[in-house]
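Visitor: Following is a predicted model, sequence given first.
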2 protein chains.
Amino acid sequence: METLRKLYEKASKSYNKLTPHNEFCLDLVLHCQRKLKTGSKFRAYGNFNGIPRIPYSVFALGDSLSRPVRSDLYFANELHFRKEYDHILKILQQPGHRWTNEDRENANRVVYTAVMSFACCIDLWQRKSRKTPGTFFEVYMAGILQTAFPEAVFSKHISLEDLLGDREIGQSTSSEAKPDDESSDKASVSTDVVISVPDRAGGIVIPLKITTRERIVQPFAHQRILDAAFGEGRYKSLIVCISETQLDDKTQSVKQVCVPGTIKLFQKYLAPVTGLYYCDLPQRYVAKDMTGIIAVRSVGHLFEDLRAILH
Amino acid sequence: METLRKLYEKASKSYNKLTPHNEFCLDLVLHCQRKLKTGSKFRAYGNFNGIPRIPYSVFALGDSLSRPVRSDLYFANELHFRKEYDHILKILQQPGHRWTNEDRENANRVVYTAVMSFACCIDLWQRKSRKTPGTFFEVYMAGILQTAFPEAVFSKHISLEDLLGDREIGQSTSSEAKPDDESSDKASVSTDVVISVPDRAGGIVIPLKITTRERIVQPFAHQRILDAAFGEGRYKSLIVCISETQLDDKTQSVKQVCVPGTIKLFQKYLAPVTGLYYCDLPQRYVAKDMTGIIAVRSVGHLFEDLRAILH
């Protein structure tokens, strides 16, 4: 795992310095794919028993299993992945490109493959680093989005300090405050990726979550704060996820953990988010009662949608 | 840990059936205290370097350390704990009792000792059960509150299904949805303890969290939803926590992980919660700029405050 760790640090450090890092991410993903191929067994696990059924696989190493993987979305062949990745990056740099369904499917699979190959390596060889796959998802998507929108401004926070009318820097105990996910004394909405266009107010907030679980409330709450602070609709949130799956040992099946009622409540009573994107779309979320309330689409649609909003 | 597991199950099953369970909780807590006393070493760890400094201890078992514990709040003596616990329960059953500062301090210490004794056992002997201490906190507080307010109605959810105007039961994939923390298809605000009075609309929502971390957003978001759905102020939220501490291995000190800016934002732009209670009050949260925006008090004050709201 030493190589993996080094490649990961190279990518994330470059991202933190806001420099281009797609190449570092690619090196890391290719390393992960090879590691999984040579060090584990990719085998069928069980179905999600929806309509239709969806078969899932896992990477297995002795008794250890990775999270569930959709083999119809995962590019097991490195050359195939590489080819589609190059193609998608090329398309993304052509603002006038007319996306085909095949483009969308492949873009979706490229993101899925990249994030899952890293996450499954962590599952098998470094289970303690539970948060790392989520961070890599952020690093990876930021790299791709920076390539697609070179004119846009990227950041990770929206500062609201001026609005609160107090600055708290230098308080006696503030140096003690170093939370995992939020910036201590600073009043800011801390999201994963924020895209804005120079000379235009507002922007696009992109919370990236491998799965949402109880954290689904965050993007809706942040949207509400942004609406209240800057005026409704000035910022738009597009939530981007990988899946909502979970292995069920007892039944050797896969669950899609969904909370449609909760999302409807948030959309109605907190603030409406603009879209909910998944690589592996949960069946429950593409049912009509959901899509009537919130746009639910594959990650393959994200890039066009972003372009439409930004232009 | 077999005894601990059995005692815990007894208490939580009784709670789930909404039957009195203080006695079961007491058995469990006394078992935990004895287990810590005989099976581990209670020793000084390091300070929180605030003004003033606060020394913390840990229960140690070889290289394993429990979470940090304030020895000035923890009743290490079982008989002492028992005596104060009985006293507090007695006070709580006397609506007319005038609370003294000593009563408050002891009530605060009783809750702290009960929850920490269980949590530290989990830290040392069952580290995998990360969520169990939080559940026990809920079970324990519900038992005490039921004793204090026998006329009140207790629940864990506020249903909003009628407001959404759709009932989703029986959807094809809904049986797949069994999330950890939220009820699948049902549209409800799922909090820890809700107290209401018969024939009176609204109620008191009590989110119980050992530490808040990034989950601090939930109670504010829920308050916002309740305000939007039922009218402002119909429901009041009182957030109840144990501490915000974290060991720092490198410096052998204790951090208090605080996000004052974030809380101010939530209080202003999401919805105002009525109070924030801690057994081990974080220094940063009792600074003036915070208490001017949100009431921050010890758990020892919670019971009087609840009585004042409910009556």
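Guide: Cool, got the structure. Numbers count the residues shown, from 1 in each chain, chains lettered A, B, ... in the order given.
Visitor: show me where chain A has helices.
Guide: In chain A, the helices defined using DSSP state H lie at A:2-16, A:22-39, A:78-92, A:101-125, A:132-148, A:161-164, A:217-230, A:260-265, A:288-291, A:302-310.
Visitor: tell me what the last one is packed against?
Guide: Applying 3 or more C-beta pairs under 8 Å, 6 or more residues apart in numbering or on different chains; DSSP states H and E, one finds that helix A:302-310 makes contact with helix A:132-148, strand A:203-206, strand A:235-241, strand A:275-278. Every residue, glycine included, has its C-beta placed from N, CA and C.
Visitor: Identify the residues contacting the most centrally placed residue in chain A.
Guide: The residue lying closest to the centre of chain A (C-alpha atoms, centre = their mean) is A:Leu208, at 3.4 Å. Residues near A:Leu208 by C-beta atoms under 8 Å, 6 or more residues apart in numbering or on different chains: A:Gly134, A:Phe137, A:Glu138, A:Met141, A:Asp192, A:Val193, A:Val240, A:Cys241.
Visitor: The fifth one against A:Ile206, yeah?
Guide: Yes - taking C-beta atoms under 8 Å as the contact criterion, A:Asp192 and A:Ile206 are neighbours in contact, 6.1 Å apart.
Visitor: between those two, who's got more neighbours?
Guide: Remark: of A:Asp192 and A:Ile206, A:Ile206 carries more neighbours, 25 against 20, as counted by other C-beta atoms under 10 Å in any protein chain shown.
Visitor: ok, what's across the strand from the more buried one?
Guide: Following DSSP bridges, A:Ile206 is listed with bridge partners A:Val193.
Visitor: That one contacts A:Val240, doesn't it?
Guide: Yes - taking contacts as C-beta under 8 Å, A:Ile206 lies within contact range of A:Val240: 5.8 Å.
Visitor: Throw the helices and strands packed on helix A:302-310 into JSON lines and include mean pLDDT, thanks.
Guide: Converted to JSON lines, these look like this (pLDDT from 0 to 100):
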{"stretch": "helix A:132-148", "mean pLDDT": "95"}
{"stretch": "strand A:203-206", "mean pLDDT": "95"}
{"stretch": "strand A:235-241", "mean pLDDT": "97"}
{"stretch": "strand A:275-278", "mean pLDDT": "98"}
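Visitor: still on that earlier bit, got any residues that touch both of A:Ile206 and A:Val240?
Guide: Residues touching both A:Ile206 and A:Val240 (C-beta under 8 Å, 6+ apart) are A:Met141.
Visitor: can you pull the pLDDT of A:His157?
Guide: For A:His157, the model assigns a pLDDT of 82.
Visitor: which strand residues sit across from the closest residue to it other than its chain neighbours in the sheet?
Guide: Once flanking residues are discounted, A:His157 sits nearest to A:Ser188: 4.3 Å by C-beta to C-beta, 6 or more residues apart in numbering or on different chains. Counting by DSSP bridges, A:Ser188 is bridged to A:Ser159.
Visitor: Please list all residues in contact with A:Ser188.
Guide: Going by C-beta under 8 Å, 6+ apart, A:Ser188 touches A:His157, A:Ile158, A:Ser159, A:Leu160, A:Glu161, B:Gly261.
Visitor: Brilliant, that's me finished.
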